[in-house]
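Peer 1: Can you look at this prediction? I've put the sequence above it.
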Amino acid sequence: MKIKSNTLYIVLYFLMFFVHFGIWQWLKIGFEPTFIKYYLFLTLLFVTVVTILSIIKNIFPTYIGFAFMGLVMFKLMIMFLVMNKLHLSEVPNYKVHFIIPYLISLLLETLYAVKMIQNEYANKENLDPNTEDKKGV
């Protein structure tokens, strides 16, 4: 049984959440409502990026990279706007606890986008009728 890449990246994201929450509880930092609100917001952004990339792949498959770059800029802008509303700076060592999950989710989104671009490129190579003629010459 092969796991779809969507499922794999979502499972890895939630595995990151549970590991981070376990470390958070072990260190007895407190501020659990802030932690949960942050992860709800980060999860919403992660799922939005993955969903929009999947839609772009079906509609405009050659523009996946451009869509990804735009979504990353949008996500960064939204994070700066929401950081103050979530009161992240009140948490001790908030930079470590909130930047690392953001970067890991960005890494997962990047790997997902790269995989989609590679699959699109491979599909384009297999469907191009002129590739056989060029290889045979």
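Peer 2: That came through fine.

Peer 1: Where do the strands of this protein begin and end?
Peer 2: For the chain, applying DSSP state E gives no strands.

Peer 1: Go through it and flag its longest helix.
Peer 2: Of all the segments of type helix in the chain, defined by DSSP state H, the longest one is helix 94-127.

Peer 1: Mind listing what's buried along that helix?
Peer 2: 94, 97-98, 101-102, 104-106, 108-109, 112-113, 116-117 (16 or more other CB atoms under 10 Å). For the C-beta atoms, the positions are set from N, CA and C on the backbone; glycine is no exception.

Peer 1: And stretch 36-45, by the same measure?
Peer 2: Under 16+ other CB under 10 Å, the buried positions of stretch 36-45 are 37-39, 41-42, 45.

Peer 1: In TSV, list the residues you listed along with distance to Gly22 and pLDDT.
Peer 2: TSV is the format used below for these (distance: CB to CB, whole Å; pLDDT from 0 to 100):
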residue	distance to Gly22	pLDDT
Lys37	18	84
Tyr38	16	83
Tyr39	13	82
Phe41	20	89
Leu42	17	87
Leu45	22	90
